[in-house]
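> Quick one: sequence and predicted model below, then my questions.
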Amino acid sequence: MSFDLTKAETPKADDAETETAPEESAARRGGLVDFLSGPAGRNLGLVLALVLLIIVGILTGGERFASTDNALTILRLGSVIGVVSVGMTFVIAGEGIDLSVGAIVALCSVWATTIATQTMAADYHWSVMVFVALAVGAGCGLVNGVLIAYGRIAPFIATLAMLAAARGLAEIIAKRRTQIIRERGFVDFFGGSVAGVPVLVIMFAAVAAAGWVLLNRTTFGRRTLAIGGNPEAARLAGIRVQRHTMYLYILLGLACGIAAVMLMARTTTGTSTHGTLYELDAIAAVVIGGTLLSGGRATLVGTVLGVLIFTTLTNVFTLNNLDTSTQAVAKGAIIVAAVLLQQRVARTGST
Amino acid sequence: MSFDLTKAETPKADDAETETAPEESAARRGGLVDFLSGPAGRNLGLVLALVLLIIVGILTGGERFASTDNALTILRLGSVIGVVSVGMTFVIAGEGIDLSVGAIVALCSVWATTIATQTMAADYHWSVMVFVALAVGAGCGLVNGVLIAYGRIAPFIATLAMLAAARGLAEIIAKRRTQIIRERGFVDFFGGSVAGVPVLVIMFAAVAAAGWVLLNRTTFGRRTLAIGGNPEAARLAGIRVQRHTMYLYILLGLACGIAAVMLMARTTTGTSTHGTLYELDAIAAVVIGGTLLSGGRATLVGTVLGVLIFTTLTNVFTLNNLDTSTQAVAKGAIIVAAVLLQQRVARTGST
Amino acid sequence: MTDVVKRFPGVVALGGVDLTVEQGEVHCLLGQNGAGKSTLIKVLAGVHRADEGTVEWRGEAVGLPDPQAAMDLGIATMYQELDLVDGLTVAENIFLGHEPSRAGFSQRATARRAAAGLLAELGHPEITPTTEVGALSAAAQQIVSMARALSRDARLIIMDEPSAVLDAGEVEQFFAVIREITARDVAVIYISHRLEEIREIGDRVTVLKDGKTVSTAMDAKTTSTQDLIRLMTGRSIEYVFPRRSPVAGAEPMLRIENLSQKGEFADISFQVRPGEVVGLAGLVGSGRTEIVEAIFGATRATSGTVTVDGRTVRPGSVPAAVAAGIGLCPEERKSQALVLQASLAANISLASLAKFSRAGLLDRHGETRAAEALLDSLDVRPRGAHRESRTLSGGNQQKVVLARWLLRGCKVLLLDEPTRGVDVGARSEIYGLIRELTDQGVAVVVVSSEIPEVLGLSDRVLVIADRTIRHEGPADELDEHAVLDIILKGDAA
Amino acid sequence: TGNDPENNSPAGSKSAPKKAGSNNDAAGKKVTIGFSGPAADHGWLGAINKAAKDAAKKYPDVELKVAEGTNDASLQISQIETFINDKVDAIVLLPTDGAALTEVATKAMNAGIPVINVDREFSNPFAARTTILGDNYGMGVSAGTYACQLVKQKKLSNPVIAEIAGIDSLPLTQDRSKGFKDALKKCGQRVDNRVSAEFTVESGEKQASNLVQAAPKIDILWNHDDDQGVGVMAALDQANRHEMAFIGGAGSANAMRLIKEGKMEATVLYPPTQAADGIKVARLIAQGKGISDLAQVEVPRRIVLNAPVVTKKNVDQYLPLAFES
Ligand SMILES: Nc1ncnc2c1ncn2[C@@H]1O[C@H](COP(=O)(O)OP(=O)(O)OP(=O)(O)O)[C@@H](O)[C@H]1O
Ligand SMILES: Nc1ncnc2c1ncn2[C@@H]1O[C@H](COP(=O)(O)OP(=O)(O)OP(=O)(O)O)[C@@H](O)[C@H]1O
Ligand SMILES: [Mg+2]
Ligand SMILES: [Mg+2]
């Protein structure tokens, strides 16, 4: 069960808390203390890794790295995969996995940019395209959810099937063409900025914040963790595990829809090649962030940090004009180093 | 009886057996009966799926599908990914995962075909190349194993790092060129046939058989399943869990080395693009075969059937001239159908 | 409930059970391991669907399709297997499934306050509602389970072996709570293998045997122990400890010197001679588990040595300890001892695989034969070495763990709570088994929270309190009160 | 001019090409052609596949078998083996990796099935009956030469030249980059910033966003592929960086429209009609015909396509040929 996992990660930290402040009443502990002693503490290692990366960026890139423009570039880059990762955090927290996110993003982007949709968008409003993307995403998520929760197909297999099917369907619909968005209103809205902050970044921040609240402050989030940690116990507690599991995949499907909208705005296109390898990127960000693949423990702050680490890494690489092969080797080494660092910090913090 | 195959699917069979013939002594139960009442029974659903696929192949392809040549083509194709899948079965049985298999195959193939290696092979014997491929595979597996078992990095993350690093290294070594094998002895040996059966197919069969014995008939296999099922219990029973986990990754690395040799023989090249997406293919074959991603239960017969199903599917598609996108959609639908069929069969069999 | 039948593949877990529970009573359910008690209450709680039979609730027939339906009726359940989610906090676990919330947002402060209140009511204000449950000891988790059942405002609370992980003091406290809730006309179904408890708290008793009711609604106070045991087991068992045989004055088999572990225990030294049983008595949380785990090398002691048969054991290594001849039956069967989806044979042979290995190949017939023999001699039910250990009842699982070390053949056997959740019949069998082992010269260390058991079983007793040894002496010089006195006051007053 | 692949209009166009005294397009013996190419995971390969299929559709005497597009050499080998088992009349093969498919192509040739090698060349000339190549090195040279012209024209003293390559591990990318580098060397220039994308719109956007941060000012930018160029253009728009001369590659209709609008400087053609030409040539070989405008009786062994530069001046001439990606 998840028993061992609890202990493996941070039992000590928890004990310490219990032991040093046993009489501190629950009610007295404010939200802030709670917050700091929770995710933030555990994410210290990640923050450190990110800071190190930023230092390397400044040392090697100087001005070019440390500019506002570059920071916004990193954030914009991270925002699309970030939204997917937020959704992925929920599915993984509920002991699932979704390999089809990239394919769903592709299908959403294609469906929302067909001539039919664009014509309708031109006639009414560009929000039609947004609506189509979200609906398609939610629909794919629903199919995944039903197959997994009610069809009892292993998530890995069900979403692998969706990966093949959704990308195939996207190709059929788009006839393998890149569909360019003619609707300038759409591109201008999502491509714009509010008070200097790109709309995409605002969307990512909003999704991440909403995700954090949903995970940590609602019954939905707690039940998700319960299902991920011990599905049998969750069932015994009267939670409708199947229905809830289905919701998780729909949620992720919706996140893919949002990501598709963002990607469409970024690239001004919809195509079946969008979202390639998002599944690996998103899962990697979530897992390096500290969410357990075996479910039951999840941190959204960690996920966001994970996304930022990966995007900053790419940015630093490009600034340094590294060739792709060296990048790949360095990336592998850095991932391992970051995780070891994170562990070391967690262990030191607890003694 | 092998304990992987003992229950989840058809507990009735076992119980009934126990109850109706409790006095039947263990010694009297022949190997064949054992075999049939075990894996074969449980893999019935998969066999059925494969048979259906073959029927479809015969109906649509007729002669062309049902020929010996075509059967050998399917088997030859399946043998490379099949060897990787056999190794993957062990890692997954031990509650691990390895995303780096494709990259390791690429690195092995590149390292074994460098000018230096080929010169040495020309001077001594082509088996130098085989040795190099196996050694590189085992080395990569060792790194994975040490990081996971002793470094306590989550398998997903450690092997993701290896995926990036090994492919990057392969590109650097090969300078992104495709390295052609000049050593005809190598190509002729592995590309040849014995009594009409291609050497590659024989190798796959041998690896699968050895894997089956290792998993079901040795203490190594027992320990693997125990670790996958409950690592803490295995530890408290005196099993060296860390060391054993490391062995599992080395084993898979070796399998990747063998696969690289086979792929080199098939393509007469070593290149950094070999083995692309093998990780997904291998995991899919293992999981659809009935091995649990959560560890502790594994079936090698299932894995082999999984590999055959996927390769036959591709073959039938090619014969039927389906367009690629439609193929992808059909593939998704067929995967889901196969799993649902498998479940249905298992359920019917048990009542 | 009338004529309830529940079949599992190959097993008829319930073959026609009748049970009537009145308002405000404590109805005890007795039966051997595997008799079907847990299955019965799971049917009642909506976890399993009965194949046959009817359930009436306040005079009306009801269907119980899922746990929610049972909870809606007012049936709350504390399951035998701890049913908590480790990653969630105490408060979150207590209110899981019925969180105080407004528009989907959980009101965490409210939940924490309510949880703190419930825990205080149960006499355990020291359990903080914000602690993660996975970090709590088994006893504390049981209290959380109880708080959760209470939080449901139920009319009937089912308790499946709640006292198994509690010590004497805590059981008392627990009973006080039960008395309080039954006074409010809430009914309780209480399952336990400890007959003394039944006498103390129970009103009426129903006995199950092999999935059938053999006798129902007997008076809990007056029915004689002999009768109860006979109804449960079909034979009479002398519910006594086997006689001790004199220990030869040989060299100690196990010698512990100055064993310490930072933050857990300090300065533990004792010896066990071949054929001797040494008991560790103490309250839950006194650190006994940590001591035996350190001896076994499962955790690394900060200082001190462990010597077996004159040879020092490499510290912090389980394989070294096993090679030296030490065996451990850990405290938590499911998470620490058993590979649940593996067969009994595989579980039994797990520590002795080398025995069945011929050039790496596994002698499966030999393995099965050895396992069958042990299962027979331990009377594990249902039969069959190839059965998945998951499907066995708790007591039978414990026997399987013992069988593992019997097969291995140990010089030193460490038993952490060996009879937790084990029925009277099996219990006396285990006692007998321990004596058989000592007769063969094995040195045994027993940890148990039941003081009478420690006293009855051991030759010598170590009383552990405040994470160190407070008293050492022959078992027949102590009684339960003396031990409690030592623990509480630091000496045998 | 009949069916000379070099000057043929895109195979996708509706009307059959006008002929000058050739009867090559007249229905002949029924032939089965197997086609196998890499996964159509980007626009240019999508266009390749489509053009091939459309070309086959025009001939009632051609039955085309298309194998699942794949980037796995091993899988592609099995597809060719299937074609051999199937005894098709000719195979058109766009290999994922030329060297890796050489062995099986030789096997097909030995079995008497002519193999038409498209775009990525085999390591052994005897593995193919005819080889049709786009000129990747030449493409780089064209782009580099054009860049040199620009440097001279605009009198740039110390220009920043950037390159957005395609998938770096493909030989064709390396050839393009090498050609670019060699041509630049001739006028004393070199590539200052280089990133590689994956031929997809998304990767183009991503790499370009990072690139414009890495280089605060760019004078000339060569992007290998016009489909990924859509993303590059989006990134440039987003960053409001249009100071550079933006040169594309492949020659998609999108790119040519941008050239017409003046948003792009030029693009280097890399026609996606090679596979379509391959089909046509395969048909001719299988039917024992030659190329009608040539004096030879047989189809030549090697056809290398040209890589011209399309600029605002000549874009109208090329736009009708361009592929929609
Ligand atoms: N999920 C299951 N699958 C198959 N058999 C089961 C399952 N659960 C219980 N059984 C079987 O049903 C019978 C009754 O088990 P149950 O757990 O109800 O016993 P119990 O009386 O609670 O025993 P204990 O006192 O040891 O807890 C046993 O034979 C057990 O092996
Ligand atoms: N997983 C854990 N994390 C943190 N503290 C723990 C954990 N398990 C136990 N403890 C604490 O360690 C101490 C020893 O607990 P433990 O239950 O192991 O003692 P014990 O003497 O073996 O008791 P018993 O065997 O009767 O349950 C207690 O204070 C307990 O609360
Ligand atoms: Mg029970
Ligand atoms: Mg204990």
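On my side now, so go ahead. Ligands and ions are numbered 1, 2, ... in the order given.
> now the strands for chain D?
D:31-36, D:62-66, D:90-93, D:115-118, D:130-133, D:161-165, D:193-196, D:220-223, D:245-250, D:266-269, D:302-304, D:309-311 (DSSP state E).
> To chain A, which of these lies closest?
Nearest of the strands of chain D to chain A, taken as Cβ to the nearest Cβ: strand D:193-196 at 5.3 Å. Glycine gets a C-beta too; all of them are placed from N, C-alpha and C.
> Which neighbouring elements make contact with the closest one?
With contacts defined as 3 or more Cβ pairs under 8 Å, 6 or more residues apart in numbering or on different chains; DSSP states H and E, the packing partners of strand D:193-196 are strand D:161-165, helix D:201-214.
> quick one: which of the ones you listed is nearest ligand 4?
Proximity to ligand 4, assessed across the helices and strands packed on strand D:193-196 by Cβ to the ion, is greatest for helix D:201-214 (55.0 Å).
> Please see if that closest one touches chain B.
No - judged by Cβ under 8 Å from any Cβ of the partner chain, helix D:201-214 and chain B are separated, with a smallest distance of 16.0 Å.
> does that helix come close to chain A?
Yes - Helix D:201-214 lies within reach of chain A by Cβ under 8 Å from any Cβ, at D:201-207, D:209-214.
> Neighbour-wise, which one of these leads?
Within the residues of helix D:201-214 next to chain A, most neighbours by other Cβ atoms under 10 Å in any protein chain shown means D:Val201, with 33 neighbours.
> For that one, list the residues it contacts.
D:Val201 makes contacts with A:Thr178, A:Thr267, A:Thr269, A:Thr271, A:Thr273, A:His274, D:Gly43, D:Asp227, D:Gln228, D:Val230, D:Gly231, D:Ala234, as judged by Cβ atoms under 8 Å, 6 or more residues apart in numbering or on different chains.
> any chance you could map the helices in the stretch 101-250 of chain D?
In the stretch 101-250 of chain D, the helices defined using DSSP state H, counting those that start in this stretch lie at D:102-110, D:136-154, D:171-186, D:201-214, D:226-239.
> Now do the fourth one: distance to the chain's middle.
To tie it back to what came earlier, the one meant is helix D:201-214. Remark: helix D:201-214 is offset 23 Å from the chain centroid, using Cα atoms, centre = their mean, to the nearest Å.
> Same check on the first one?
Helix D:102-110 sits 24 Å away from the centroid of its parent chain (Cα atoms, centre = their mean).
> Kindly report the same for the last one.
Shown here is helix D:226-239, whose average C-alpha point lies 20 Å from the average C-alpha point of the whole chain (Cα atoms, centre = their mean).
> Identify the spatial nearest neighbour of C:Ala12, chain neighbours not counted.
Check again: residue C:12 is Val, not Ala. C:Gly211 (5.7 Å; Cβ to Cβ, 6 or more residues apart in numbering or on different chains).
> and what of D:Gly140?
D:Gly179 (2.4 Å).
> which residues does the one you found contact?
Here D:Gly179 is in contact with D:Asn136, D:Tyr137, D:Gly138, D:Met139, D:Gly140, D:Val141, D:Ser142, D:Ala143, D:Gly144 (criterion: Cβ under 8 Å, 6+ apart).
> The residue nearest to C:Val12 and C:Ala13 touch, don't they?
Yes - here C:Gly211 reaches C:Ala13: they are 5.6 Å apart, a contact under Cβ atoms under 8 Å.
> Spell out which residues are contacts of both of these two.
Residues touching both C:Gly211 and C:Ala13 by Cβ under 8 Å, 6+ apart: C:Lys6, C:Gly36, C:Thr39.
> So which of the residues you listed sit within helices?
C:Thr39 (DSSP state H).
> From the shared contacts of C:Gly211 and C:Ala13, list the ones also adjacent to ligand 1.
C:Gly36, C:Thr39 (Cβ under 6 Å from any ligand atom).
> so which of the shared contacts of C:Gly211 and C:Ala13 is the most crowded?
In those, the most neighbours by other Cβ under 10 Å go to C:Gly36, 27 neighbours.
> Now do the buried residues in stretch A:291-306.
Buried residues in stretch A:291-306, counted by 16 or more other Cβ atoms under 10 Å in any protein chain shown: A:291-306.
> ranges for the helices of the stretch 1-150 of chain A?
Listed in chain order, the helices of the stretch 1-150 of chain A (DSSP H, counting those that start in this stretch) span A:3-9, A:11-20, A:31-35, A:41-42, A:44-61, A:63-66, A:68-93, A:101-111, A:115-123, A:127-145.
> before we move on, back to that, pLDDT score for the residue nearest to D:Gly140?
Note on D:Gly179: pLDDT of 94.
> what does D:Phe246 give?
For D:Phe246, pLDDT reads 94.
> For it, give me its contacts.
Contact analysis of D:Phe246 by Cβ under 8 Å, 6+ apart lists D:Leu221, D:Asn223, D:Val232, D:Met233, D:Leu236, D:Lys263, D:Met264, D:Glu265.
> Quick one: the residues you listed as JSON lines, columns for pLDDT too.
Below are the contacts of D:Phe246 laid out as JSON lines (pLDDT from 0 to 100):
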{"residue": "D:Leu221", "pLDDT": "95"}
{"residue": "D:Asn223", "pLDDT": "95"}
{"residue": "D:Val232", "pLDDT": "93"}
{"residue": "D:Met233", "pLDDT": "91"}
{"residue": "D:Leu236", "pLDDT": "91"}
{"residue": "D:Lys263", "pLDDT": "89"}
{"residue": "D:Met264", "pLDDT": "91"}
{"residue": "D:Glu265", "pLDDT": "92"}
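> which of these are buried?
D:Leu221, D:Asn223, D:Val232, D:Met233, D:Leu236, D:Met264, D:Glu265.
> for the residues you listed, which one is nearest ligand 3?
Minimum distance to ligand 3 across those is 66.8 Å, recorded for D:Val232 (Cβ to the ion).
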